[in-house]
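S.K.: predicted coordinates and the sequence they were generated for:
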There are 2 protein chains.
Amino acid sequence: MSAPSHHLKARRLGIDTHSETVVFLHKDSPVCRSEGFASLNRIALAAGGRQTVATLYQVVSDILGPHEAGLSDATWEALGLREGDSISARHAPPVESLGMVRGRIFGHPLDETMLHEIVRDIVGGRYSAIEISAFVTACAARPLAADEVRAMTRAMVAVGERLVWDHPVIADKHSVGGLPGNRTTPIIVAICAALGLVMPKTSSRAITSPAGTADTMETLAPVMLDEKTMREVVEREGACIVWGGAVNLSPADDILIRIERALDIDSEGQLIASVLSKKIAAGATHLVLDMPVGPTAKVRDGAAAASLSGGLLKVAEAFGIKACVVPGDGDQPVGRGIGPALEARDVVAVLSGSRHAPMDLRARAILLAGALLELSGTAAPGQGSAMADAALTDGRAWAKFQRICEAQGGMRTPPTSGHRKTLLAAGDGVLTAVDNRRLARLAKLAGAPEDKAAGVEMHVRLGDRLEAGRTPLCTVHAEAVGELAYALGYADVNTEMFRIAQP
Amino acid sequence: MSAPSHHLKARRLGIDTHSETVVFLHKDSPVCRSEGFASLNRIALAAGGRQTVATLYQVVSDILGPHEAGLSDATWEALGLREGDSISARHAPPVESLGMVRGRIFGHPLDETMLHEIVRDIVGGRYSAIEISAFVTACAARPLAADEVRAMTRAMVAVGERLVWDHPVIADKHSVGGLPGNRTTPIIVAICAALGLVMPKTSSRAITSPAGTADTMETLAPVMLDEKTMREVVEREGACIVWGGAVNLSPADDILIRIERALDIDSEGQLIASVLSKKIAAGATHLVLDMPVGPTAKVRDGAAAASLSGGLLKVAEAFGIKACVVPGDGDQPVGRGIGPALEARDVVAVLSGSRHAPMDLRARAILLAGALLELSGTAAPGQGSAMADAALTDGRAWAKFQRICEAQGGMRTPPTSGHRKTLLAAGDGVLTAVDNRRLARLAKLAGAPEDKAAGVEMHVRLGDRLEAGRTPLCTVHAEAVGELAYALGYADVNTEMFRIAQP
């Protein structure tokens, strides 16, 4: 005996709930009465062969009629509806994999079959946001074991698209992040592609940081390319820098990342699965991992770096990827900008050889590009950095970058902020420490990464001499006056963002 | 410098989101543009001296004007608004205690100050549902330490009302639950009150079970009494059985319970803090804890029972409550009914001395009432059960119960279900095991506890001989045909709910 279903007229309510699927039904609708629906119930909706599960909010006002189903934009798109289409609603069947998540919370390990089921249900929209939150938290509080990480990676690859390339060497690069302004990727891609490596780079948007490479790159060229267009770009230029989400690589990661971002957490196991599922799905064969280490970077010390490196390399090996980790100084931001457009300016300055280019960003990009050139056999051991430096200095990388941007749809000029305010040193002395996390928070409160021009522009580096009330520390950029005020309020009570010692 | 705010006309959209505060704003509203609001941002709303934090959904259709703020019912009530009132909106300030939750996820313990701050922010509506989910999950995955449980209990008491009674002995009772149909409380209260104990009982609604005492009692009398009315009932009859939420005891618990219910988890530490914060707030001095133990009960074995009992007694002692734990057989449901109205029928049958009354429920109520009579010094050691039995047998408890119901607003007849179906034995043999969890799930799928008449009525007990296709096992009761079908679908694929062995 199967449960009955009921037909309703679909109405697009024009409500943006991000990826959360929501359905609004009138409390007096026949379906609510006969099915015994209550608010926050999970409802299975179906139309024209497609289905999804949505969270129900019941309505008692006249914004909806009793035979209508009001849908959030995410629900509307999941069902591919047109106005007035008929949809059916019934109780969502119990999600058995939630029992596995509960077990995991209390310490029962997850095997590959279970993780496949969990990840499939998450991508299928069968988990509510609080259920995903519980899964993410459980995997952080009770860290994923090595075999769980491998299984999770495999499951995440399995539910998405997988790119196959007609080249023996597909170069890739990833930064473990946590260091504001560390925007080396566009520079590395330009250098490596200029030297003949094939590097179809898919990047992500920010998780908990003020900008991801995709956010930054988007201020310089379109990044939301479909797979066909992306392939054309790579065919033509040997490389691209696009948003991975647009080609549906590891869609589970995109959903998990939204919750991780809202909670501002990411754990080692999920980080490994997230990074490598994307790389495997993108078809990478050679991978350089940038790992900044510092007290306020994502990786805080040598021990954490060793643990994370070991995990990443082991899982990469299990999937046949040749990888290496390049640790780096994570004591302070790289470059000057923190936020999409501000970082894009640094990238362009380095590539175009501007004399104002931030030298630390340039050096780091050369080091990482060099490692990738050596790993892939393009450069002889010990020769990678010199090769990369030459391609940057003589303009080959800059020319390649501009051609990539053109191929992706045309180069753009990053936007500038409408509201800004410069913070001055509070005391005399020498700058001895900066708090990367608070700086990132400051940039986010100012509106980054949603507001492309928002963020923080650094004016000082460790070791600089400061004069109270005179030396500019940084400038906060915002697109709205409310956000500027909000960020400055945070800066006011977080003066330890910059530590100044008497010389 | 403080952030600016913006004024909007409040509109009640009549959307039921339970306790979740939601605000809808048009994407083109001046406040969204100047403040840079995005969907899912947390927005601080204020009106007439009251404030709350709500999750923003942006709207692009004409269901809202650009100068209107559409509010869910929970938001409307939190602000105490009237139609057309003016409200202000700005970015919610960062919630500092979320940093402590993140730390807890990664293993940093929480001290009393931190837990106070977390609990205060949760009750203040400053946590989103996914943030509460992360907190609840973290405290389950990395169990709360003894001092964290005490601090959590104290914090939960501190943010709510606390009842003070003018009696030296205030009797109370709690069941750790997990055993369907174990509805002894109304019987125990009636017995103890008939024998002169003061027992102002505040009960909760179901967390993950098909019925809480408040859900069941509500089918027999009003339970949503305010403190004044509750005191009048206790003054008159020496006892009451009301819903604790209505007198705002431990409001944090009510919020945490909603998330725990949705996730279907509860951990030992949170269970202790939940139980005892309610008892402390209710002013209890003497407390009997009913703890059914069985493979499919909440407490699965002796080791778990010992750990939980130890934790409960230690924390009770720290707060000056004299407590004892009465373990019991948790192998099968108690009584016949599972679900509010079905359980209420069992309660009335026992109290009124019906010859159809379930004897196991009667015996258990006598045992627990006896323990409470002894603990409080009303009965001499070893005499409690006999004293309780006498008060039940001679009708004093029944008379007292009816008077309590009258005092609470009038006795009611529990509703009966409109749709039902009896399940028959699938094989010949002896019933050797029943799965309490699956039975509870079955009752919930049928609509309990939201639908008062819904649930499961048991017809067999362990050891009964069954005949395939003839012996009725249980009857599923539902208020809607959709839910009946839904529950029966579950029963179809979960035949191991009843284990039958060849004799």
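M.R.: That came through fine. What you are looking at is a predicted structure, and each value in this text was computed from that prediction instead of being measured.
S.K.: so what secondary structure elements neighbour the lowest-mean-pLDDT helix or strand in chain A?
M.R.: Within chain A, no helix or strand scores below helix A:30-35, which has a mean of 79 by mean pLDDT, DSSP states H and E. Counting contacts by 3 or more CB pairs under 8 Å, 6 or more residues apart in numbering or on different chains; DSSP states H and E, helix A:30-35 is packed against strand A:6-12, strand A:22-26, strand A:86-91, helix B:481-493. Just so you know, the C-beta spots here come from the backbone N, C-alpha and C atoms, and that holds for glycine as well.
S.K.: got a list of contacts for the first one?
M.R.: Translated: strand A:6-12. Here strand A:6-12 makes contact (CB atoms under 8 Å, 6 or more residues apart in numbering or on different chains) with A:25, A:29-31, A:34-35, A:47, A:64-65, A:67-71, A:73, A:76, A:79, A:81, A:83-90, B:61.
S.K.: next, the buried residues of that strand.
M.R.: By 16 or more other CB atoms under 10 Å in any protein chain shown, the buried positions in strand A:6-12 come out as A:6, A:8, A:10-12.
S.K.: ok, then the element right after that strand?
M.R.: Later in the chain than strand A:6-12, the nearest helix or strand by DSSP states H and E is strand A:15-16.
S.K.: off-centre distance for that following strand?
M.R.: Its chain's C-alpha centre and that of strand A:15-16 lie 22 Å apart, by CA atoms, centre = their mean, to the nearest Å.
S.K.: mind putting the helices and strands packed on helix A:30-35 into a markdown table with distance to A:P109 and mean pLDDT?
M.R.: Shown next, in a markdown table, are these (distance: least, CB to CB, whole Å; pLDDT from 0 to 100):
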| stretch | distance to A:P109 | mean pLDDT |
| --- | --- | --- |
| strand A:6-12 | 41 | 90 |
| strand A:22-26 | 34 | 95 |
| strand A:86-91 | 31 | 91 |
| helix B:481-493 | 26 | 90 |
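S.K.: mind checking the longest strand of chain A?
M.R.: Using DSSP state E, we find that the single longest strand of chain A is strand A:50-59.
S.K.: next, count neighbours for A:E227.
M.R.: A:E227: 14 surrounding residues under other CB atoms under 10 Å in any protein chain shown.
S.K.: same question, the one 10 residues further on
M.R.: Here the neighbour count serves as a burial measure; for A:E237 (other CB under 10 Å) it reads 23.
S.K.: what are the phi and psi values at it?
M.R.: As for A:E237, its main-chain torsions (degrees, to the nearest 10) stand at phi -110, psi 0.
S.K.: can you list contacts of stretch A:22-32?
M.R.: A:6, A:8, A:13, A:15, A:37, A:43, A:45, A:54-60, A:63-72, A:74-75, A:89, B:15-16.
S.K.: tell me which residue of the stretch 51-200 of chain A lies closest to chain B.
M.R.: A:S61 (3.1 Å; CB to the nearest CB).
S.K.: how about the residues of the stretch 251-400 of chain A by chain B?
M.R.: For the stretch 251-400 of chain A, the contact set with chain B under CB under 8 Å from any CB of the partner chain comprises A:259, A:262-265, A:267.
S.K.: all helices for the stretch 251-400 of chain A, in order.
M.R.: Along the stretch 251-400 of chain A, counting by DSSP state H, counting those that start in this stretch, helices occupy A:251-263, A:268-282, A:302-318, A:340-351, A:359-375, A:384-393, A:396-407.
S.K.: look at A:A480 and report its pLDDT.
M.R.: A:A480 carries a pLDDT value of 90.
S.K.: need the pLDDT of A:G14.
M.R.: The predicted local confidence for A:G14 is 93.
S.K.: sorry, slip of the keys, the one I care about is A:P109.
M.R.: pLDDT recorded at A:P109 is 96.
S.K.: how deep is it tucked in, by neighbour count?
M.R.: Per other CB under 10 Å, the neighbour tally for A:P109 reads 13.
S.K.: quick revisit: need the contact list for the residue of the stretch 51-200 of chain A closest to chain B.
M.R.: Contact analysis of A:S61 by CB under 8 Å, 6+ apart lists B:12-15.
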